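>>> A structural model of the following input is requested.
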Amino acid sequence: MREQKFEIASRRRFMKHSACMSVRKLHHTRYRVNDLEKSVKFYREVLGLTEVRRHESPRGSKLAFLKAPESEELIELCYFPDSGPVQVQADLTHLAFEVDSLAEFGKHIAGLGIKFSDGPTMKESGGGFAFIDAPEGYEIELIERPKNLGIS
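Sure thing, here's the model as predicted:
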């Protein structure tokens, strides 16, 4: 019984302090790249992201920050050749973006000479997903949400 009371008191102290110590929101995600200009061009022209800013870090990394139109979070592209070439393993990580239509996005990328690397996979309930590859091989998932079927 005494151990149980101690455990409950410990949990309460943790909860009280963890509220002050917890993170507030996701700010950005960094992806290191081999060619900053090529990657920025891909994210701007293929995905329609906006370049927000650039700067150089104190250790010499060249950084470009990009943003999707309806998101607050940023993608930080980092060029730091001193750490060697980027070699992305299959299925290591990916970014996921929502699109209005996978069919229309497919037409857009076809006009740029790009094909889906996987999919599109459409769901019976509507919507679906597909993937393309960024220049270093990072996977980009594209998600089409089901259309509102008029059901409230």
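>>> in this protein, which segments are predicted with low confidence?
1-6, 8-20, 149-152 (pLDDT under 70).
>>> if we go to 90?
Where the chain drops to pLDDT under 90, the residues are 1-27, 89-93, 124-126, 147-152.
>>> Tell me which residue lies nearest the centroid of this structure.
Centroid check for the chain by Cα atoms, centre = their mean gives residue 95 as the closest residue, at 3.0 Å.
>>> Go ahead and confirm it touches residue 29.
Yes: in terms of Cβ atoms under 8 Å, residue 95 counts as a neighbour of residue 29; the distance is 7.3 Å. Every C-beta, even on glycine, is put in place using the N, C-alpha and C of the backbone.
>>> shared neighbours of these two, which are they?
Residues touching both residue 95 and residue 29 by Cβ atoms under 8 Å, 6 or more residues apart in numbering: residue 75.
>>> what helix or strand does residue 37 sit in?
For residue 37, the host element (DSSP states H and E) is helix 36-45.
>>> what helices or strands is that helix leaning on?
Applying 3 or more Cβ pairs under 8 Å, 6 or more residues apart in numbering; DSSP states H and E, we find helix 36-45 packed against strand 50-56, strand 62-67, strand 74-79.
>>> Within its sheet, name the partner strands of the longest one and how each one runs.
Pointing back at strand 50-56 there. Under the criterion DSSP bridges, strand 50-56 sits next to strand 62-67 (antiparallel) in its sheet.
>>> which residue ranges form the helices in the chain?
Along the chain, counting by DSSP state H, helices occupy 2-21, 36-45, 102-111.
>>> Next, the buried residues of stretch 59-69.
61, 62, 63, 64, 65, 66, 67, 68 (16 or more other Cβ atoms under 10 Å).
>>> Kindly export it (C-alpha atoms) in PDB.
In PDB, the C-alpha atoms belonging to stretch 59-69 read as follows (Å, rounded to 0.1, in the frame of the first residue of the first chain):
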ATOM      1  CA  ARG A  59      30.000  25.400 -38.800                       C
ATOM      2  CA  GLY A  60      29.600  26.200 -42.400                       C
ATOM      3  CA  SER A  61      26.400  24.300 -43.500                       C
ATOM      4  CA  LYS A  62      24.500  26.000 -46.200                       C
ATOM      5  CA  LEU A  63      20.800  25.900 -45.300                       C
ATOM      6  CA  ALA A  64      17.600  26.600 -47.200                       C
ATOM      7  CA  PHE A  65      14.200  26.500 -45.400                       C
ATOM      8  CA  LEU A  66      11.000  25.700 -47.400                       C
ATOM      9  CA  LYS A  67       7.300  25.600 -46.500                       C
ATOM     10  CA  ALA A  68       4.200  24.100 -47.900                       C
ATOM     11  CA  PRO A  69       1.400  26.600 -48.500                       C
END
